[in-house]
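**Q** Okay, sequence plus prediction incoming.
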There are 2 protein chains.
Amino acid sequence: MANMKKIAELAGVSLGTVSHVLNGTARVREPLRKRVMDAVHATGYQPSQLARGLRRDKTNLLAMIIPDILNPFFPGVVRGAEDVAFSNGYRLVLCNTDNDHGKEIMHLNALRTYLPSGLIVIPSDFSDLTAQTESYRRAGAAVVCVDRIPRHWTGDSVTINNAEGAHQATHYLTGLGHRQIACITGPLHLTSSQDRLKGFRRALRTAKIETPHGYEQESTFDRAGGYAKTKVLLRMVPRPTAILACNDLIALGALLAIREEKLHCPDDISLIGFDGLDLTETTTPQLSSVYQSGYQLGAAAAQLALDRVADSASPVRQLVLKTELRIRESVAPPKNVGSTVPLKKSRVAAAPVLTAQ
Amino acid sequence: MANMKKIAELAGVSLGTVSHVLNGTARVREPLRKRVMDAVHATGYQPSQLARGLRRDKTNLLAMIIPDILNPFFPGVVRGAEDVAFSNGYRLVLCNTDNDHGKEIMHLNALRTYLPSGLIVIPSDFSDLTAQTESYRRAGAAVVCVDRIPRHWTGDSVTINNAEGAHQATHYLTGLGHRQIACITGPLHLTSSQDRLKGFRRALRTAKIETPHGYEQESTFDRAGGYAKTKVLLRMVPRPTAILACNDLIALGALLAIREEKLHCPDDISLIGFDGLDLTETTTPQLSSVYQSGYQLGAAAAQLALDRVADSASPVRQLVLKTELRIRESVAPPKNVGSTVPLKKSRVAAAPVLTAQ
DNA sequence: TATGCTGTCTGAAACGATTTAAAGAAGGCG
DNA sequence: CGCCTTCTTTAAATCGTTTCAGACAGCATA
């Protein structure tokens, strides 16, 4: 490949001048500038990002660390980040941790040696991100935490309003007349899971509902967990008339379990998921869900990172995105309830998509 | 961060010696070696990948270019590639093209300046990969083409046996007694689409079935396309009793259209998709599909790339992975057919998962 | 005691850019 | 015309590695 030296020769100028033309770091008179640009175009020259990065102490790479791209929630996040990165001339180095803290550390260590401008992380379980990314901040790289916030994190972050989302969904269920509402949470060491649970509880408190012991089940964020915990719930007395599943995969597992127990959703039991993945539209019945935009999450994170690169002194930003309750076929008023139950009709009236304020 | 110079000072040796210890490029006597390693451990030193890459003319990065990570088939491919890359000390730079040839070229140009060791590409529509990646090969980077092969591609590649997969599925349908079988193909400028169509036709020829004009519909690889083309098919006379959808998203759209027309799958019409995505398990009815492992595709591609890095002279390898017909609820024998129809029983006997030979 | 041979280790030159200090040119003014 | 100022341009240092030619030590051989 052509290098700067060749461009300099071709244009009959010094290396420095070529650099100045390319980066606009100094005034260069038009005739010279043109000669340089001509040489650049003639050769198709592109500066080595490695050499540039080495000299500048930072590259146009953004490192992105996520749990697992196979989890259908994350592709959106990645795509959002990639789009923002790309349109600013950055590229994304993608790493999966499988929620394994050790793997996360390996990635963190290795990636730093590529001198990325920024680091976008969805922390793994038990991640001490503050300590682990210390060296990044020392090296002047922007670090943005996404989706889940580890304890004591004080840097830039983007999350969604988990508590509000869960509250909305639960409130909707109580509004339909449900009094026996169970919740299958994600792993409770994650802030996102905790917050969803908090929102759930708050909505029940408001509706003056006492939750039977065992109506809150902690699960992993996958179908298998949702399936297993739903089996448990369905055996309880009294059986819940509605379940809030803290993500869509859990809801999917719940649907399976419900079907397997020869129960019917939503007639016997209502179900609301969380995330609003595409798959919620193709199940039978279609799953209601608290929608959040993974794409927005990723895009905002990348933007925060780039902003921080541009101005390392600006105040910390902790973005909280809105959720949106999307009611589809998987919810209905409970059967066999007193006169306080909203009629089918009133439910439909109340059903339009709601947005967190 | 600590650099090699500091390590050299700490260990009381020259820069060269440190490098030799780290890379095993020359014999170093034990006491010196130990002093170097001690210094490395004491400081937590890690070599700069940028400096190393600049000097070696190649980094431990693999560039990966795919159409769109939001398409549920691709996360598997990416994850497969990342796993193989990671376990060999490489990282993945991920780029989405949206099947836009211009975007593909931009990525190709930009990525080269990071001197990746390899390039894994799922070519965009109308990609002239051979020409576009010429500079990579000149720079000694391995280029592996995945999933779709552009015309005239002669380098390493990994694909699946598309024709065989489509043939299996179609053959299965004819075996059930279907004579009116339609096919919704992907965009026919893609080799993968063409091959699937070929497999479909071959199976019909074998069964001596004449396809009515219009039974082959070209679509985009998404739900909307599948929906629209199915609407067209369902209005045809005679109406097909089975549809082979050339990917699962198309099949999903088909399912929607079938339901909307108040028809029932599989009683009125059988449906087989292609890819075997997770979502085929959660539809109602569960979708039958020609399964292919995206993960294997990606993993094999990364392995091919790394092998090629290790030995640039070895013969070209064009891997073709097997598909596997996974019959679920969306297929049944046609109604109202003569005595040649296999009984329900015999279908079950024929139903176990088949593997392409 | 030279000489040659191994086997280790070192020093310096790359790699391809950016950046800074200083040189050089151009123009203004007395 | 000479001096000063303001713009342009250049040369050289630098980033952190790898690598290659050569230095050096130790030992065996003649």
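**A** Yep, that arrived. Everything quoted here is computed from the prediction, not taken from an experiment.

**Q** For A:Leu188, which non-adjacent residue is closest in space?
**A** Of all residues not flanking A:Leu188 in the chain, A:Glu218 sits nearest, at 5.3 Å (Cβ to Cβ, 6 or more residues apart in numbering or on different chains). Placement of C-beta: from N, CA and C, glycine included.

**Q** Whichever residue of the stretch 251-357 of chain A sits closest to chain B and B:Phe74: what is the separation?
**A** Of all residues in the stretch 251-357 of chain A, A:Thr284 sits closest to chain B, at 3.5 Å by Cβ to the nearest Cβ. Using Cβ to Cβ, to the nearest Å, A:Thr284 is found at 26 Å from B:Phe74.

**Q** more neighbours, those two?
**A** B:Phe74 (23 against 16; other Cβ atoms under 10 Å in any protein chain shown).

**Q** quick one: buried residues of stretch A:300-311?
**A** A:300-309 (16 or more other Cβ atoms under 10 Å in any protein chain shown).

**Q** Likewise for stretch A:52-59?
**A** A:52-54, A:58-59.

**Q** In the stretch 51-200 of chain A, which residue sits closest to DNA strand D?
**A** Ranked by Cβ to the nearest atom of the strand, the top residue of the stretch 51-200 of chain A for proximity to DNA strand D is A:Arg55, at 3.8 Å.

**Q** now what about the longest strand along chain A, what contacts it?
**A** Assignment by DSSP state E gives strand A:59-66 as the longest strand of chain A. For strand A:59-66, the surrounding residues in contact (Cβ atoms under 8 Å, 6 or more residues apart in numbering or on different chains) are A:49-50, A:52-53, A:74, A:77-78, A:81, A:85, A:89-97, A:104, A:107-108, A:111, A:114-122, A:302, A:305, B:50, B:93, B:114.

**Q** so who does A:Ser312 touch?
**A** With Cβ under 8 Å, 6+ apart, A:Ser312 has these contacts: A:140, A:142.

**Q** And for A:Arg308?
**A** Going by Cβ under 8 Å, 6+ apart, the list of residues near A:Arg308 reads A:118, A:142, A:144, A:156, A:314.

**Q** The residues you listed in strands, which ones?
**A** A:118, A:142, A:144, A:156.

**Q** Write out the residues of chain A neighbouring DNA strand D.
**A** A:12-17, A:20, A:26-29, A:31-33, A:51, A:54-55, A:57 (Cβ under 7 Å from any atom of the strand).

**Q** just for chain A, where's the confidence low?
**A** A:336-357 (pLDDT under 70).

**Q** which stretches of it form helices?
**A** In chain A, the helices defined using DSSP state H lie at A:4-11, A:15-23, A:30-43, A:49-56, A:74-87, A:101-112, A:129-132, A:134-138, A:162-175, A:191-206, A:223-234, A:248-260, A:294-310, A:344-350.

**Q** which bits of the stretch 1-150 of chain A sit near DNA strand C?
**A** A:1, A:3-5, A:15-16, A:18-20, A:22-23, A:25-26, A:45-48, A:51-52, A:54-56.

**Q** does A:Leu10 really touch A:Ala39, like I thought?
**A** Yes. A:Leu10 lies in contact with A:Ala39 (Cβ atoms under 8 Å); the separation is 3.8 Å.

**Q** ok, these two, which is more surrounded?
**A** Taking other Cβ under 10 Å, A:Leu10 and A:Ala39 do not tie; A:Ala39 has more neighbours (21 against 18).

**Q** ok, now which ones touch that one?
**A** Residues in contact with A:Ala39 (Cβ under 8 Å, 6+ apart) are A:6-7, A:10-11, A:45.

**Q** One more: A:Gln49?
**A** A:59-60, B:113-114.

**Q** Now it: closest residue in space that isn't a chain neighbour?
**A** B:Thr113 (4.4 Å).

**Q** try A:Ser14
**A** Excluding its sequence neighbours, the residue lying closest to A:Ser14 (Cβ to Cβ, 6+ apart) is A:Ala8, at 5.9 Å.

**Q** Distance-wise, check that neighbour relative to B:Arg308.
**A** Counting by Cβ to Cβ, the gap from A:Ala8 to B:Arg308 is 34 Å.

**Q** try A:Ser157
**A** The span separating A:Ser157 from B:Arg308 equals 41 Å under the rule Cβ to Cβ.

**Q** Please give me every residue in contact with the nearest residue to A:Leu279 once chain neighbours are set aside.
**A** Closest residue to A:Leu279 apart from its sequence neighbours, by Cβ to Cβ, 6+ apart: B:Leu279 at 5.4 Å. Neighbouring residues of B:Leu279 by Cβ under 8 Å, 6+ apart: A:278-279, A:282, B:72, B:248, B:252, B:287.

**Q** Any idea how many residues pack against A:Leu321?
**A** Applying other Cβ under 10 Å, we find 15 residues neighbouring A:Leu321.

**Q** OK, contacts around it?
**A** A:158-161, A:292-293, A:296-297, A:300.

**Q** returning to that earlier point: tell me the spacing between the residue nearest to A:Leu279 and A:Leu54.
**A** The spacing between B:Leu279 and A:Leu54, counted by Cβ to Cβ, is 45 Å.

**Q** residues in contact with the nearest residue to A:Tyr45 once chain neighbours are set aside?
**A** By the measure of Cβ to Cβ, 6+ apart, the closest residue to A:Tyr45 outside its immediate chain neighbours is A:Ala2, 4.3 Å from it. Listed by Cβ under 8 Å, 6+ apart, the contact partners of A:Ala2 are A:43-45.

**Q** Many thanks, have a good one.
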